[in-house]
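A.B. asks: coords please:
(chains A, B, C and D)
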Number of protein chains: 2
Amino acid sequence: MNQKDKNTEELILDAANKVFIEKGLDGTRMQEIADEAKINKSLLHYYYRSKDKLFCEVFNKAIQKFLPNTVKIFDSQKTLFEIIEIFIEEYIGLLQRNPFIPMFVLHELGKRPKKLSETFSHLFGEIKNNQLVFFRNMVRQEIAKGEIIEIDPNQLIVNIMSLCIFPFVAKPILQTIFFDESSKEFKKFIQDRKKEVSDFVINSIKVKK
Amino acid sequence: MNQKDKNTEELILDAANKVFIEKGLDGTRMQEIADEAKINKSLLHYYYRSKDKLFCEVFNKAIQKFLPNTVKIFDSQKTLFEIIEIFIEEYIGLLQRNPFIPMFVLHELGKRPKKLSETFSHLFGEIKNNQLVFFRNMVRQEIAKGEIIEIDPNQLIVNIMSLCIFPFVAKPILQTIFFDESSKEFKKFIQDRKKEVSDFVINSIKVKK
DNA sequence: TTTTGGTTTAACCATTTGGTCAAAAATAGA
DNA sequence: TCTATTTTTGACCAAATGGTTAAACCAAAA
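C.D. replies: So this is what the prediction gives:
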């Protein structure tokens, strides 16, 4: 759908998405969203009532993208290593397409952890009770089979998430220190990580026979 | 030095430190800093001229804490594995004592990458030209000696930094999903990571003979 | 005690900001 | 075409915000 064909409501949401994710809730001015959408500021309130309501729409979309959608990947037919490989490749790919979402979501959650955690608890619940349980069981099975070393499944999951997400959160500092501000080299570095991280993790937990 | 014995200038800096790091530049009100320091708002301008100047003082202190001080650790007498072990233990310890610094520094850098990167380029330069060179050479030597597997030193460094820093940036979401909002369990999880991350990294790169 | 210097305060200011409202414009239905 | 409904606009508002200033305060020197 072309930007021109979209109705005002969608134009606003797109603009709000861009500005909020770039500048955060506190750093965003309603006027700036209106300018970005090329519409009158009053329309923001006409369609979304308040800044906070509009923010919630944006945050909701963002956190749904950010939370890994593992339903398709977590498949009992695949080995643990296959699952890890596919997950890392797909999740880094998702972040390549949405590089600012991690900082946006994590920063807003950090500023208002209680309120936002409660509002979106249903999303976390689904992960906690389904996806995490599946993965933890799989890890424990592989440990029992002697395929991987003893490791706390939670630590393993956080390790994998850290390795995928952190470079996007730290992009400016990494680009300065490692790549002399070259965003091209940084992008290549990220692209390489799809394989690097996968190898790094599997190499660490695999039992060599 | 007791808080009561400090002079106004220090009281302000302490208060600014707390509020800025908690709420970020945009989320911070000058009045809130004054309240925190229990002094009149005009004194903020009397001692620090403007919000931006005060912010710079706070950010400068924060980024200096955040950038790993490896001078003492990077010692040619130690093995690479020793260096990695000590670094991870000490750096996670530093973050335990300053848990909000990573999000603060990375978020502000993300919002104004050009301005802040330029202002603090001297700090980055020192790391780039000394500490990183030392570590990269050490990694290449160990690869040549067959002690560790082939790996891009930059990827290894980013892996280590990711594993140390990310849990602090993602604290609220991790605490919700993994530990049912129990900050006690989260703290134990972090404490355990001092050894977990170290093992995870070394296990991944060590050549088994 | 008086003077002098830095320090602290309250009142004040200009601008910004989220938000409202009534009227105008556009659209759809009869 | 005329009417009813929805959409859009610009003027406006109250509160908040960073910042200024003149006067008050206070401790130390003369």
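
A.B. asks: please report how far the residue nearest to the spatial centre of chain A lies from B:Lys194.
C.D. replies: Computing the C-alpha centroid of chain A and ranking residues by Cα atoms, centre = their mean puts A:Phe66 first, at 2.9 Å. Distance of A:Phe66 to B:Lys194, given as Cβ to Cβ, to the nearest Å: 27 Å. Using the backbone N, CA and C atoms, a C-beta is placed for each residue, glycine as well.

A.B. asks: got it, and A:Val105?
C.D. replies: 27 Å.

A.B. asks: which one's more surrounded, these two?
C.D. replies: Taking other Cβ atoms under 10 Å in any protein chain shown, A:Val105 and B:Lys194 do not tie; A:Val105 has more neighbours (24 against 18).

A.B. asks: helix or strand: which one has the more buried one?
C.D. replies: Here A:Val105, judged by DSSP states H and E, is contained in helix A:101-111.

A.B. asks: next helix or strand past that helix?
C.D. replies: Tracing the chain C-terminally past helix A:101-111 and defining elements by DSSP H and E, one meets helix A:113-119 next.

A.B. asks: quickly list the domain ranges of chain A.
C.D. replies: In terms of domains, chain A is parsed into A:3-61, A:67-205 (source: automatic domain parsing).

A.B. asks: would you mind listing what in chain A touches DNA strand C?
C.D. replies: By Cβ under 7 Å from any atom of the strand, the residues of chain A that approach DNA strand C are A:28-31, A:41-42, A:45, A:49-52.

A.B. asks: and stretch A:53-60, which residues are buried?
C.D. replies: A:54-59 (16 or more other Cβ atoms under 10 Å in any protein chain shown).

A.B. asks: from these, pick the one nearest DNA strand C.
C.D. replies: Closest approach between the buried residues of stretch A:53-60 and DNA strand C, by Cβ to the nearest atom of the strand: A:Leu54, at 7.5 Å.

A.B. asks: quick one: contacts for that closest one?
C.D. replies: Applying Cβ atoms under 8 Å, 6 or more residues apart in numbering or on different chains, we find A:Leu54 in contact with A:12-13, A:16, A:33, A:44, A:48.

A.B. asks: kindly recompute the last result at 10 Å.
C.D. replies: A:12-13, A:15-17, A:20, A:28, A:30, A:33, A:44-45, A:47-48 (Cβ atoms under 10 Å, 6 or more residues apart in numbering or on different chains).

A.B. asks: so what does the helix or strand where A:Phe189 lies touch, helix or strand wise?
C.D. replies: Using DSSP H and E, A:Phe189 falls within helix A:183-205. With contacts taken as 3 or more Cβ pairs under 10 Å, 6 or more residues apart in numbering or on different chains; DSSP states H and E, helix A:183-205 sits against helix A:80-97, helix A:132-144, helix A:153-169, helix A:171-179, helix B:153-169, helix B:183-205.

A.B. asks: export the last one as CSV, just CAs?
C.D. replies: Put plainly, it is helix B:183-205. C-alpha atoms of helix B:183-205 as CSV (Å, rounded to 0.1, in the frame of the first residue of the first chain):
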residue,chain,number,x,y,z
SER,B,183,14.7,-8.7,42.2
LYS,B,184,16.4,-11.0,44.6
GLU,B,185,16.4,-13.9,42.1
PHE,B,186,17.5,-11.5,39.4
LYS,B,187,20.5,-10.4,41.5
LYS,B,188,21.5,-14.0,42.1
PHE,B,189,21.2,-14.6,38.4
ILE,B,190,23.6,-11.7,37.8
GLN,B,191,26.0,-12.9,40.5
ASP,B,192,26.1,-16.3,38.9
ARG,B,193,26.8,-14.8,35.5
LYS,B,194,30.3,-13.8,36.7
LYS,B,195,31.3,-17.4,36.4
GLU,B,196,28.7,-18.5,33.8
VAL,B,197,29.7,-15.9,31.2
SER,B,198,33.4,-16.6,31.7
ASP,B,199,32.9,-20.4,31.3
PHE,B,200,30.6,-19.8,28.3
VAL,B,201,33.2,-17.7,26.5
ILE,B,202,36.3,-19.8,27.2
ASN,B,203,34.4,-23.0,26.5
SER,B,204,33.5,-21.6,23.1
ILE,B,205,37.0,-20.5,22.0
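
A.B. asks: check which helices and strands the helix or strand bottoming out on mean pLDDT in chain A sits against.
C.D. replies: Using mean pLDDT, DSSP states H and E, helix A:121-126 stands out as the lowest-scoring helix or strand of chain A, at a mean of 90. Where contact means 3+ Cβ pairs under 10 Å, 6+ apart, helix A:121-126 is packed against helix A:51-66, helix B:171-179.

A.B. asks: any residue of stretch A:61-74 touching chain B?
C.D. replies: Yes. Residues of stretch A:61-74 contacting chain B under Cβ under 10 Å from any Cβ of the partner chain: A:63, A:66-67.

A.B. asks: same deal with stretch A:82-94?
C.D. replies: No. Contact of stretch A:82-94 with chain B (Cβ under 10 Å from any Cβ) is absent, the minimum separation being 12.1 Å.

A.B. asks: just the residues contacting that stretch, thanks.
C.D. replies: With Cβ under 10 Å, 6+ apart, stretch A:82-94 has contacts from A:65-66, A:68-70, A:72-76, A:78-79, A:101, A:134-135, A:138-139, A:156, A:160-161, A:163-165, A:167-168, A:190-191, A:193-202, A:205.

A.B. asks: apply 6 Å and report the result again.
C.D. replies: Outside stretch A:82-94, the residues that touch it by Cβ atoms under 6 Å, 6 or more residues apart in numbering or on different chains are A:68, A:73, A:164, A:194, A:197-198, A:201.

A.B. asks: and it, how far out from the chain middle?
C.D. replies: Relative to the centre of its chain, stretch A:82-94 is centred 12 Å away, using Cα atoms, centre = their mean, to the nearest Å.

A.B. asks: please identify the buried residues of it?
C.D. replies: Buried residues in stretch A:82-94 (16+ other Cβ under 10 Å): A:83-92, A:94.

A.B. asks: returning to that earlier point: just give me the closest of the buried residues of stretch A:53-60 to DNA strand D.
C.D. replies: So of those, ranked by how close each gets to DNA strand D (Cβ to the nearest atom of the strand), first place is A:Leu54, at 14.8 Å.
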